[in-house]
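**Q** Compute the structure for the input listed below.
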Amino acid sequence: MNEPYIFLSVGGVANDAQELFVKAIEDRIASEGLIPKTVGRNTFSEESPLKTINKLMADCSGTIIIALERTYFPEGVEKRGGDMEKILRDVKFPTPWNQIEAAMAYSKGQPLMIIMEEDLKKEGLLDTGQEWFILLVKPDASSLNTPAFNGVLASWKGKVAELGISPKVAIRSAFKLTLNSALN
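**A** Model prediction:
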């Protein structure tokens, strides 16, 4: 059986600390016998981002969202001019691609694991109350060695294993086996 591909949603990193954290996650996923695939890191295409993501996810058996700070607002206003207006301070947002890719993975029925920097604004699919657990972490490799991380990873990996490899990968693997048998 082929090792399953895992779609890894992560925006372009902003600094060396974020790069080290993403690399630590990639290494940890690989150590679990899974192959992380990310648009712009190890997968490239001349097609539009949504087409590329859709095709890559079709080859994957699960998705991990790594939500890290992309945008920082020292001060702002939410719902400006309305009755619910709220002053915001020190607000951090991840890349909007985390939301898009989480929605795409969910619509495909893929097991979804979300690793989120603890101080990010929680909203949309990156908020509690969804069908998945959001693991809030400090973006540091030591966060990948906690009982919470190990437990969430094991649970998510079990869901990936239950589904087996993606249908597209299964068809490709069956074709290779048939072709190899015919050639031998």
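**Q** quick one: which helix or strand includes S45?
**A** Here S45 sits in a region with no helix or strand, counting by DSSP states H and E.
**Q** Relative to S61, how far out is it?
**A** Using Cβ to Cβ, to the nearest Å, S45 is found at 20 Å from S61. Just so you know, the C-beta spots here come from the backbone N, C-alpha and C atoms, and that holds for glycine as well.
**Q** Quick check: mean pLDDT of stretch 91-109?
**A** For stretch 91-109, mean pLDDT is 95.
**Q** Please save the CA atoms from that stretch in PDB.
**A** Extracted C-alpha coordinates of stretch 91-109, given in PDB (Å, rounded to 0.1, in the frame of the first residue of the first chain):
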ATOM      1  CA  VAL A  91      -5.600  41.300  16.400                       C
ATOM      2  CA  LYS A  92      -3.800  38.600  14.400                       C
ATOM      3  CA  PHE A  93      -5.200  36.800  11.400                       C
ATOM      4  CA  PRO A  94      -4.000  33.800   9.400                       C
ATOM      5  CA  THR A  95      -4.000  33.600   5.600                       C
ATOM      6  CA  PRO A  96      -7.500  33.500   4.200                       C
ATOM      7  CA  TRP A  97      -6.300  30.400   2.300                       C
ATOM      8  CA  ASN A  98      -6.600  28.400   5.600                       C
ATOM      9  CA  GLN A  99     -10.300  29.100   5.600                       C
ATOM     10  CA  ILE A 100     -10.700  28.200   1.900                       C
ATOM     11  CA  GLU A 101      -8.700  25.000   2.100                       C
ATOM     12  CA  ALA A 102     -10.400  23.900   5.300                       C
ATOM     13  CA  ALA A 103     -13.800  24.400   3.500                       C
ATOM     14  CA  MET A 104     -12.600  22.400   0.500                       C
ATOM     15  CA  ALA A 105     -11.300  19.600   2.600                       C
ATOM     16  CA  TYR A 106     -14.500  19.400   4.600                       C
ATOM     17  CA  SER A 107     -16.600  19.400   1.400                       C
ATOM     18  CA  LYS A 108     -14.500  16.400   0.200                       C
ATOM     19  CA  GLY A 109     -15.200  14.500   3.500                       C
END
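**Q** Is the most centrally placed residue in the chain within a helix or a strand, and which one?
**A** Nearest residue to the geometric centre of the chain (Cα atoms, centre = their mean): I65, 2.2 Å. Per DSSP H and E: I65 is located in strand 60-67.
**Q** and if you look at E75?
**A** Per DSSP H and E: strand 71-78 holds E75.
**Q** I'm done for today, thanks for sticking with me.
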